Every structure is written in C-alpha cells, then in structure tokens.
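Chemist: Please find the sequence and the predicted model below.
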Amino acid sequence: MNRRPPPCTNCPLSKSRKNAVFGDGPHDARIVIVGEAPGRDEDEQGRPFVGMSGRELTKMLDEVGIRREEVFITNTVKCRPPDNRKPSANEIEACRQHLAAQLSSIKPALICTLGNVPLNSIIGKHSIGDVNGHVMEKDGSAFLPLYHPASWLYNRKLREKAKKGYEKIKTISMEKQ
Ligand code: URA
C-alpha cells in the first residue's frame, strides 16, 4: 500500500519537493520503520528508501529474516530537504502530525527508528551509539532504536554492530501485543 497524504504545505520543503514521500507497506503492518527524510531518489519516485540506503536496508532486513514488503516504511519528515541536509527542528515539528496519524492508524507492535533524527524527535534525547537495539517504551508504544543504513555505508565497521540491533526486530515484534 502506498499511503499518500493530501498535498501538505505546512513547511517550506513543500516548495522544493517533487513528491511528498508518505510511506510504503501494509496498513496493518506489525513493524513500522521510521527513517530521517527522503533523498533525491525518493523525491523522484515518491517512495521511501529506494536509493542506496534503501538497498542496504532491504539487504539487512533480508539477512535478519524480514521481508521488506511486510513492514511499513516511512520517514520523520515526508519531503526532501534540499541537498540532503538534516531536517530542521521546524520542519520536523511541521511534519509530526503526519507520522502521528500513520502510527495511530497502523498501530504497530514495534516502531523501529533509524539513526538519531527519528530517535531524538520521537523518543527523546539519546545517541544511537548508546541505545542501538535497546527497546524503549513511550506513550504505550514500543520503540527499537537502530542504526541508519547510511551510517554503515559511511563506516563499514559499524555494520556488524548495526546488525545486532536489526536481529532483535523479529523477536521483539512477536513479544509485543
Ligand atoms: N534516507 C532516509 O532516511 N529515508 C529515505 O527514505 C531514504 C534515505
């Protein structure tokens, strides 16, 4: 399922985007994955994680026994920040309602955050290096902070540590709900 939002003009990213990238996956998924923001490929295609990071994510999920088609994949911010910069605090706030609506409609057993942007904006002030693979509960939902695929594309040494977090997705999602 490709859930598209009504055209949103809540922040200036709406002026530079080609496509809002709302998310992709089953509307009753047990697992939701939340990345940072769309990049160039995602902006072109209107789908999350279809570029290099996406290929790495799909491969990692596959290695830990999860098919990409079974999870709902989205981002903290639905429109591409120019030059792939980090989304600003204002952009994250302007977009918060879209992610909240998705999570309250899907009601997943587990929400996996990729990297520091969704970790800090949804769960709280932590560093992924400290909390990778540690389940956290907030407002009745279970969160699993994981490394963003871009982190191990940038530093291959991180991949093994990252995989230890991804290996927990299946068991934890089955324990919950
Ligand atoms: N990185 C993200 O965080 N999200 C995407 O959709 C693509 C790359």
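Modeler: Thanks, I have it.
Chemist: got a pLDDT number for the residue of the chain found nearest the ligand?
Modeler: The minimum distance from the chain to the ligand, using CB to the nearest ligand atom, falls at Gly35 (2.9 Å). Any C-beta I mention is one placed from the backbone N, CA and C, and that applies to glycine too. Turning to Gly35, the model gives it a pLDDT of 98.
Chemist: from what I can see it touches Ser121, true?
Modeler: No - using CB atoms under 8 Å, Gly35 is not in contact with Ser121; the gap is 11.7 Å.
Chemist: what sits in contact with each of the two?
Modeler: Any residue near both Gly35 and Ser121 by CB atoms under 8 Å, 6 or more residues apart in numbering counts here, and that gives Thr76.
Chemist: okay, these two: which has more neighbours?
Modeler: Neighbour comparison, Gly35 and Ser121: the larger count goes to Gly35, with 28 against 20 (by other CB atoms under 10 Å).
Chemist: How far off centre is stretch 85-100?
Modeler: Distance, stretch centre to chain centre, for stretch 85-100: 13 Å (CA atoms, centre = their mean, to the nearest Å).
Chemist: Mind listing residues that contact it?
Modeler: Here stretch 85-100 makes contact (CB under 8 Å, 6+ apart) with 5, 8, 10-13, 22, 34, 36-37, 74, 76-79, 81, 117, 121-122.
Chemist: let's see it at 7 Å
Modeler: The contact list for stretch 85-100 (CB atoms under 7 Å, 6 or more residues apart in numbering) reads 5, 10-11, 13, 34, 36-37, 74, 76-78, 81, 117, 121.
Chemist: same check, this time on stretch 118-135
Modeler: Under the criterion CB under 7 Å, 6+ apart, residues 34-36, 76, 92, 113, 115-116, 136, 138, 142-147, 161, 164-165, 168, 172 lie in contact with stretch 118-135.
Chemist: how much space between Ala20 and His148?
Modeler: 21 Å (CB to CB, to the nearest Å).
Chemist: Correction: the previous question concerned Gly140.
Modeler: The gap separating Gly140 from His148 is 25 Å, by CB to CB.
Chemist: just Glu56 next, same as before
Modeler: Here the criterion is CB to CB. By it, Glu56 lies 9 Å from His148.
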